[in-house]
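Enquirer: what follows is a predicted structure for the sequence shown.
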Amino acid sequence: MYWAKILGVDRLNEGNRIRILSTDYVVQNAILRQIKIYSDNQAQTKNAFAFKWGKRKSYDSKVVLDAHKAWLIQRYLKGDENLLNDYLFDGAKFLDAGCGSGFSTLLLFEKYINKINYLGVDISEAIDIAASVFEKKGLKGEFLQADLMNLPFEGPTFDIIFSEGVLHHTNSTEKSFKYLASLLLSGGRFMFYVYKKKAPVREFCDDHIREYIKNMNNEEAWQALMPLTMLGKTLGELKVEINVPEDVPYLGIPAGKIDLQRLFYWYIFKAYYRPEWNLEEMNHVNFDWYRPLNCHRHTPEEIKNWCEEAGLSIEHMDIEDSGITIVSRKNE
């Protein structure tokens, strides 16, 4: 195993412990895992994602997979999957920073996995789901449960780092981004997505709802969000389009025609809706947004500055209302 040998753990047995760069690890269920204490917010976020990725039926239907794959290809590759032939050469050292269950990675990179040296890292027990999925699909990959701000590597190590919707769930998006960028080899690529700052009322409501469910357990929070999901579905089914006569700059609302559900969605509160999805699938998206206490939002200007400071050149930047997608390259 490529990464096991790099880390000196290829001969360890179940339950064995090892110390790497002043951090203790233990082998459990054939996966190397950090032994450490997380901040309260990070521990809550870790548990939220373990719960979310455990609800397989809420995200692995064909309609969900097809929609998410199309979204990934458009954001990262401008609709051209052939770009991956340049990014993922034979033997490329690939870090999936915050792999979760492997959901996004497999949608985008599955046919390349067996020709690269893949390492999936996640803070949560979703890492076990990812390992199981890889095994069932006959894919070659190694996994590590660890904090993305404290990985067992010194200096540039990876040819490509992929972090889809993860950095904003760490204690500091900027610090985690710059730390991971320091692990990128010269000429290597960093592909990532972070949340974009929203309109002021939406920002207020998002934080209010997040605080409201803060002290619930995960199942209670899932159920508490269901009425919001049902409201989003009801608004969507109205199929009502309105015309905003003029810009409302202090609320971030632009002039023009907009579906009523999207007006609520982008400028008041997130209540995800797709007509072909069921309630559980839509609630999964809302839970993903509202449940983690670590949920930072950023501006494109911030991200551009961070890339420059980290020695990265932006090759492609996709800015949507929801977030900011970057394909960047480490300056040689």
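Expert: Thanks, I have the structure now.
Enquirer: partner strands of the helix or strand where residue 188 lies and their direction?
Expert: Using DSSP states H and E, residue 188 maps to strand 184-195. Using DSSP bridges, the strands paired with strand 184-195 in its sheet are strand 158-164 (parallel), strand 323-330 (antiparallel).
Enquirer: for the chain, what spans make up the helices?
Expert: 2-7, 40-54, 62-77, 84-87, 103-109, 126-137, 173-181, 200-212, 218-238, 260-267, 279-290, 300-309 (DSSP state H).
Enquirer: now render these as TSV, adding mean neighbour count and mean pLDDT.
Expert: In this view, the C-beta of every residue, glycine as well, is placed from N, C-alpha and C. Listed next are the helices of the chain as TSV, based on neighbours: other CB atoms under 10 Å; pLDDT from 0 to 100:
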stretch	mean neighbour count	mean pLDDT
helix 2-7	17	92
helix 40-54	19	92
helix 62-77	16	96
helix 84-87	13	92
helix 103-109	21	97
helix 126-137	18	96
helix 173-181	21	98
helix 200-212	15	97
helix 218-238	17	98
helix 260-267	18	97
helix 279-290	21	97
helix 300-309	16	98
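Enquirer: nearest to residue 193, of those helices?
Expert: helix 62-77 (6.9 Å; CB to CB).
Enquirer: can you give me the angle that closest one makes with strand 158-164?
Expert: Put simply, helix 62-77 runs at 130 degrees to strand 158-164, going by axes from the mean of the first three to the mean of the last three CA atoms, to 10 degrees.
Enquirer: and helix 62-77, what does it pack onto?
Expert: Counting contacts by 3 or more CB pairs under 8 Å, 6 or more residues apart in numbering; DSSP states H and E, helix 62-77 packs against helix 103-109, strand 312-319, strand 323-330.
Enquirer: redo those as a markdown table? Include distance to residue 164.
Expert: Shown next, in a markdown table, are the helices and strands packed on helix 62-77 (distance: least, CB to CB, whole Å):
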| stretch | distance to residue 164 |
| --- | --- |
| helix 103-109 | 4 |
| strand 312-319 | 13 |
| strand 323-330 | 9 |
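Enquirer: residue 16 and residue 26 touch, don't they?
Expert: Yes. Using CB atoms under 8 Å, residue 16 is in contact with residue 26, at 7.2 Å.
Enquirer: ok, these two, which is more surrounded?
Expert: A side-by-side neighbour count of residue 16 and residue 26, using other CB atoms under 10 Å, places residue 26 first with 16 against 13.
Enquirer: report the contact partners of the more buried one.
Expert: 15, 16, 17, 18, 32, 33, 35 (CB atoms under 8 Å, 6 or more residues apart in numbering).
Enquirer: and residue 167, by the same measure?
Expert: 97, 98, 148, 173, 176, 177, 180, 192, 194.
Enquirer: now with 10 Å?
Expert: Counting by CB atoms under 10 Å, 6 or more residues apart in numbering, residue 167 touches 97-98, 148, 173-177, 179-180, 192-195, 296, 298, 303, 306.
Enquirer: in stretch 325-332, what's buried?
Expert: Neighbour counts over stretch 325-332 (16 or more other CB atoms under 10 Å) mark 325, 326, 327, 328, 329, 330 as buried.
Enquirer: now that stretch: mean pLDDT?
Expert: The average pLDDT within stretch 325-332 is 96.
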